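# dropping a prediction and its sequence here:
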Amino acid sequence: MPTAISSAPQAIRRICCVGAGYVGGPTCTVIAQNCPDITVTIVDVNPVRIAAWNSAPDAEGRLSGLPVYEPGLAEIVLACRGKNLFFSTEIDKAIEEADLVFVSVNTPTKKSGVGAGFAADLHYVESSTRRIAAVATSSKIIVEKSTVPCRTAASMRTILESNSRPGVRFDILSNPEFLAEGTAIPDLQSPDRVLIGSLDTNEGREAAARLSAVYEHWVPKHKVYTTGLWSSELSKLAANALLAQRISSVNAMAAICEATGADVDEVAHACGLDGRIGPKFLKASVGFGGSCFQKDILNLVYLSESLSLPQVADYWRQVITMNEWSKSRFAQKVVQTLFNTITMKKVAVLGFAFKKNTGDTRESAAISLCRYFRQENALVTIYDPKVPEAQIWMDLTEPGVVDDSIEVRKQITLAPSAVAACVDAEAIVIATEWDEFKELDWASIYAGMKKPAFLFDGRGIVDAKLLRKIGFKVHSVGKGPEIVDPVWA
Ligand SMILES: NC(=O)C1=CN([C@@H]2O[C@H](COP(=O)(O)OP(=O)(O)OC[C@H]3O[C@@H](n4cnc5c(N)ncnc54)[C@H](O)[C@@H]3O)[C@@H](O)[C@H]2O)C=CC1
Ligand SMILES: O=C(O)[C@H]1O[C@H](OP(=O)(O)OP(=O)(O)OC[C@H]2O[C@@H](n3ccc(=O)[nH]c3=O)[C@H](O)[C@@H]2O)[C@H](O)[C@@H](O)[C@@H]1O
């Protein structure tokens, strides 16, 4: 239901963003940069996070203490902070002063109760919505930025309308975010589209026009696509499901390639040349990670089951099943290749983030690999250029009654560089596609390893032929076994 937008909507002057995370922080920083006439305040219940957003530049004038690492972000924060961009724990004040409030809080998978393991936990969305209703003394536009199940806007509207003060009106919009971590700034500066869902009423359309005008400071108007609320909410889940499905599809092909001697990069390239398929998001890997693909597909599975559509639920569930299988298949390959045991063998894991150019480890494939190697009694050394050490320890320590942190530290060590991680290793596992791994001095790394020196490339980034010439035994996802017969090479 694309809708007409009135010509001169009332300008937004003050924005509050509730949730200073990976989405709220970068998104509203880019809004502040492009809209000098708008004051943007990003608030959070977590004072440590807000303090980090407000951290001082280091001796070289760089903002290295921000809670989110994104190329290009620190420079924009530095330019705008204190002018029209503010980070604060004064949530009520920021809400009250704003014309428009983004709700950009976390929506993790529920851990207990009805829908545990599948449904989205909307607790944070609900508590911020209740807060907005409680403190607002003037009318506001409330924007769902978080990824939410279809029809969440209806629940938010009920909460707001049942708790609002007399004369205060709320218009609810859905404006899902499509940025990918690691490329958040370019994604926000030139998005493929900005999606705004609203009610098909005069007030709904007017609110959509006001939010659109914010984006039109830098996004061409034809890229702003307005729809109904439910289409907008569902489009976000659908887009993530379709993207993840491509990766699981190419990873399924990778398994066939390994068994037949076909090369998954060549197969993906050949398929991607078809304009109907396109070349992006066809890189075979150890498996996808990140905070959203799994969570959003599980959410879609839950929605489908709730709507009595078990075949639809099964279809999407298989994307996750294939991803889990890809990760365990890769881990098993390591053990099998190292003569079926890695007990007390040193395995160097290069990369811990779920993809390059981010310090985020949520659902990172590296976590599953390290846990698997630990169970096989390996000695694992990890290096990642951006993930803080404390985060790695947290990810590898099982939360629960028994504190296993001492056991974990007996088997896991953290290295200050990729080169250091590989000294005396029997195998290297590339878990994240950091650019610096492409440029390592592989000959000297080889010299410092136990022989035979194995390398398992879970990201398809190294030049396997070159490494084999050095002496490595290389396994790359989606490539057949080393071809020894030159006629067939
Ligand atoms: N991480 C990503 O790349 C993307 C995430 N999304 C969606 O955006 C939403 C947020 O994701 P992230 O930014 O990654 O989460 P996050 O966990 O990094 O940040 C959420 C923040 O909200 C704060 N918060 C929670 N309840 C609050 C409340 N009542 N008042 C104030 N602050 C509160 C938390 O303390 C936290 O700092 C999720 O729904 C996610 O699915 C969408 C697109 C991309
Ligand atoms: O809703 C979200 O959170 C976001 O989820 C993804 O973004 P993100 O998870 O940050 O990163 P991606 O680039 O999508 O990568 C996700 C995972 O898939 C892997 N991947 C990606 C692409 C590919 O071809 N192969 C592949 O294995 C990556 O290494 C990574 O582990 C989507 O790309 C964003 O559009 C969306 O906004």
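That came through, no problem. Ligands and ions are numbered 1, 2, ... in the order given.

# low-scoring stretches of the protein, by residue?
1-7, 400-401, 482-489 (pLDDT under 70).

# how near is the residue nearest to the spatial centre of the chain to Arg362?
Geometric centre of the chain, nearest residue: Gly290, 4.0 Å, by CA atoms, centre = their mean. Using CB to CB, to the nearest Å, Gly290 is found at 6 Å from Arg362. C-beta: built from backbone N, CA, C; applies to glycine.

# please enumerate the shared neighbours of the two.
When CB atoms under 8 Å, 6 or more residues apart in numbering defines a contact, the residues bordering Gly290 and Arg362 alike are Phe354.

# how many other residues sit next to Leu122?
19 (other CB atoms under 10 Å).

# repeat for Met253
The burial count for Met253: 18, using other CB under 10 Å.

# repeat for Gln332
12.

# in three-state terms, label it for me.
What DSSP: H, G, I helix; E, B strand; the rest coil gives for Gln332 is helix.

# how about the helices in the stretch 51-200 of the chain?
Secondary structure of the stretch 51-200 of the chain (DSSP state H, counting those that start in this stretch): helices at 73-80, 91-97, 123-135, 152-163, 184-189.

# could you dump those to a markdown table with mean neighbour count and distance to ligand 1?
Output for the helices of the stretch 51-200 of the chain, formatted as a markdown table (neighbours: other CB atoms under 10 Å; distance: least, CB to the nearest ligand atom, whole Å):
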| stretch | mean neighbour count | distance to ligand 1 |
| --- | --- | --- |
| helix 73-80 | 18 | 13 |
| helix 91-97 | 18 | 6 |
| helix 123-135 | 19 | 4 |
| helix 152-163 | 17 | 10 |
| helix 184-189 | 20 | 7 |
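
# tell me which of those helices sits nearest to Ala213.
helix 184-189 (17.0 Å; CB to CB).

# what packs against that closest one?
Here helix 184-189 touches helix 24-34, helix 73-80, going by 3 or more CB pairs under 8 Å, 6 or more residues apart in numbering; DSSP states H and E.

# report the buried residues of the helix or strand that comes right after the first one.
Once the chain leaves helix 24-34, the next helix or strand it forms, by DSSP states H and E, is strand 39-43. Under the neighbour-count criterion of 16 or more other CB atoms under 10 Å, strand 39-43 has Thr39, Val40, Thr41, Ile42, Val43 buried.

# make CSV from the residues you listed and add distance to Phe437 to it.
Shown next, in CSV, are the buried residues of strand 39-43 (distance: CB to CB, whole Å):
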residue, distance to Phe437
Thr39, 42
Val40, 37
Thr41, 39
Ile42, 34
Val43, 38
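
# looking at the residues you listed, which one is closest to ligand 1?
Val43 (5.9 Å; CB to the nearest ligand atom).

# could you check how far the closest one is from Phe87?
On the measure of CB to CB, Val43 and Phe87 end up 8 Å apart.

# what touches both of the two?
Here Val43 and Phe87 have Ala20, Ile50 as joint contacts, going by CB under 8 Å, 6+ apart.

# who touches stretch 125-137?
18-19, 91-92, 95-96, 101, 103, 105, 107, 140, 142, 144, 146, 148, 152, 155-156, 159-160, 162-165, 168, 170.

# just how off-centre is it within its chain?
Distance, stretch centre to chain centre, for stretch 125-137: 27 Å (CA atoms, centre = their mean, to the nearest Å).

# just stretch 287-295 next, same as before
7 Å.

# residues contacting it, please?
So stretch 287-295 is contacted by 22, 107-109, 120, 147, 181, 240, 243-244, 247-248, 251, 320, 323-324, 326-327, 330, 354-355, 360-368 (CB under 8 Å, 6+ apart).

# in strands, which of those fall?
Among these, DSSP state E puts none in strands.

# which among these end up buried?
Here, 16+ other CB under 10 Å leaves 22, 107, 109, 120, 147, 181, 240, 243-244, 247-248, 251, 320, 323, 326-327, 330, 354-355, 360-368 buried among the contacts of stretch 287-295.

# check these one by one and keep those near ligand 1.
Tyr22, Thr107, Thr147, Glu181 (CB under 6 Å from any ligand atom).

# thought Ile185 was touching Gly25?
No. Assessed by CB atoms under 8 Å, Ile185 is found out of contact with Gly25, at 11.2 Å.

# shared neighbours of those two, anything?
With CB under 8 Å, 6+ apart, Ile185 and Gly25 have common neighbours Leu73.

# near ligand 2, which residues of the stretch 101-250 of the chain?
Thr147, Glu177, Phe178, Leu179, Ala180, Glu181, Asn240, Leu243, Ile247.

# what about 5 Å?
When proximity is defined by CB under 5 Å from any ligand atom, the stretch 101-250 of the chain lies next to ligand 2 at Phe178, Ala180, Glu181, Ile247.

# and which of these is nearest Glu376?
Ile247 (25.9 Å).

# which one is that closest one nearest to, not counting chain neighbours?
Leaving aside its chain neighbours, Ile247 sits nearest to Phe288 (4.8 Å; criterion: CB to CB, 6 or more residues apart in numbering).

# again, but for Ser405
The nearest residue in space to Ser405 (CB to CB, 6+ apart) is Thr397, at 4.9 Å.

# and the gap between the one you found and ligand 2?
Computed as CB to the nearest ligand atom, to the nearest Å, the Thr397 to ligand 2 distance reads 22 Å.

# and the strands in the protein, which stretches?
Using DSSP E, strands in the chain cover 14-18, 39-43, 85-88, 100-103, 140-144, 170-174, 194-198, 224-228, 346-350, 379-383, 412-414, 427-430, 454-457, 473-476.

# so who does Val77 touch?
Thr29, Trp53, Leu63, Leu66, Leu85.

# one more: Asp265?
Ala284, Gly460, Gly478, Lys479.

# mind putting those into JSON lines with neighbour count and distance to ligand 2?
What follows is these, written out as JSON lines (neighbours: other CB atoms under 10 Å; distance: CB to the nearest ligand atom, whole Å):
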{"residue": "Ala284", "neighbour count": "28", "distance to ligand 2": "7"}
{"residue": "Gly460", "neighbour count": "21", "distance to ligand 2": "9"}
{"residue": "Gly478", "neighbour count": "24", "distance to ligand 2": "11"}
{"residue": "Lys479", "neighbour count": "22", "distance to ligand 2": "15"}
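
# going by distance to ligand 1, which of those wins?
Scanning these for proximity to ligand 1, where the rule is CB to the nearest ligand atom, the winner is Ala284, at 21.9 Å.

# neighbours of Asn34, how many?
Asn34 has 18 nearby residues by other CB under 10 Å.

# with adjacent residues omitted, what lies nearest to it?
Trp218 (4.1 Å).

# that neighbour touches Val194, doesn't it?
No. The pair Trp218 and Val194 does not pass the contact test of CB under 8 Å, sitting 10.3 Å apart.

# the two - which one has more neighbours?
Using other CB under 10 Å as the criterion, Trp218 and Val194 rank with Val194 on top: 22 against 15.

# now do the more buried one against ligand 2, distance only.
13 Å.

# what does Asn54 give?
From Asn54 to ligand 2 the distance is 25 Å (CB to the nearest ligand atom).

# hey, what's the nearest residue to that residue once chain neighbours are set aside bridged with?
In space, and not counting its chain neighbours, Asn54 is closest to Phe87: 5.2 Å by CB to CB, 6+ apart. Counting by DSSP bridges, Phe87 is bridged to Ile42.

# burial measure for Phe87, as a count.
Phe87: 28 neighbours (other CB under 10 Å).

# these two touch, right, it and Trp53?
Yes. With contact defined as CB under 8 Å, Phe87 and Trp53 form a contacting pair (3.8 Å).
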